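*Asks:* With the sequence up front, the predicted model follows.
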Amino acid sequence: QVQLVESGGGLVQAGGSLRLSCAASGLIFSTYAVAWFRQAPGKEREFVAGISWSSSSTGYADSVKGRFTISRDNAKNTVYLQMNSLKPEDTAVYYCAARGIATTSHPNQYPYWGQGTQVTVSS
């Protein structure tokens, strides 16, 4: 079956960096668009960044533009989220999600999800 497994979360001070990874199995990964979402306590899940199957197209939430970079390595069935200049408001559980064709910022359009990885940014 399809599995998405996130890793790389942790505790970091404000201004620091983390790189999240999303490893996929059970699907033809190179044909799927992938996105990162996050959910803070008491808040709705929100779109963070997305990347097309070929890496030709990427998109970011305004809150992370210029600080986060999404990339993928189809040979390794993995998508990455490089997070720099982290802020306390970036604290959340981060999820990766996959869907065919193009990315979208709407979480209910994604059939496949990982279990999430916690990112905590201290001030």
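*Replies:* Looks like it arrived, so ask away.
*Asks:* residue boundaries of the helices in this protein?
*Replies:* Counting by DSSP state H, the chain has no helices to list.
*Asks:* Could you state which residue of it sits nearest its centroid?
*Replies:* By Cα atoms, centre = their mean, the chain has its centre lying nearest to W36, at 2.4 Å.
*Asks:* was I right about that residue contacting M83?
*Replies:* No - proximity of W36 to M83 does not meet the contact threshold set by Cβ atoms under 8 Å, at 9.5 Å. Glycine gets a C-beta too; all of them are placed from N, C-alpha and C.
*Asks:* what's the overlap in contacts for these two?
*Replies:* Residues touching both W36 and M83 (Cβ atoms under 8 Å, 6 or more residues apart in numbering): L20.
*Asks:* quick one: contacts of stretch 82-90?
*Replies:* By Cβ under 8 Å, 6+ apart, stretch 82-90 touches 12, 14-20, 38, 63-64, 67-71, 119, 121-123.
*Asks:* Show me which of those residues are buried.
*Replies:* Among the contacts of stretch 82-90, those classed as buried by 16 or more other Cβ atoms under 10 Å are V12, L18, L20, R38, V64, F68, T69, I70, V119, V121.
*Asks:* which of those residues lies closest to T91?
*Replies:* Proximity of the buried ones among the contacts of stretch 82-90 to T91 (Cβ to Cβ) peaks at V121, which lies at 5.1 Å.
*Asks:* and the closest residue to I101 other than its chain neighbours, how many residues sit next to it?
*Replies:* What sits nearest to I101 in space, not counting adjacent residues and going by Cβ to Cβ, 6 or more residues apart in numbering, is A33, at 6.4 Å. Neighbour count for A33, taken as other Cβ atoms under 10 Å: 22.
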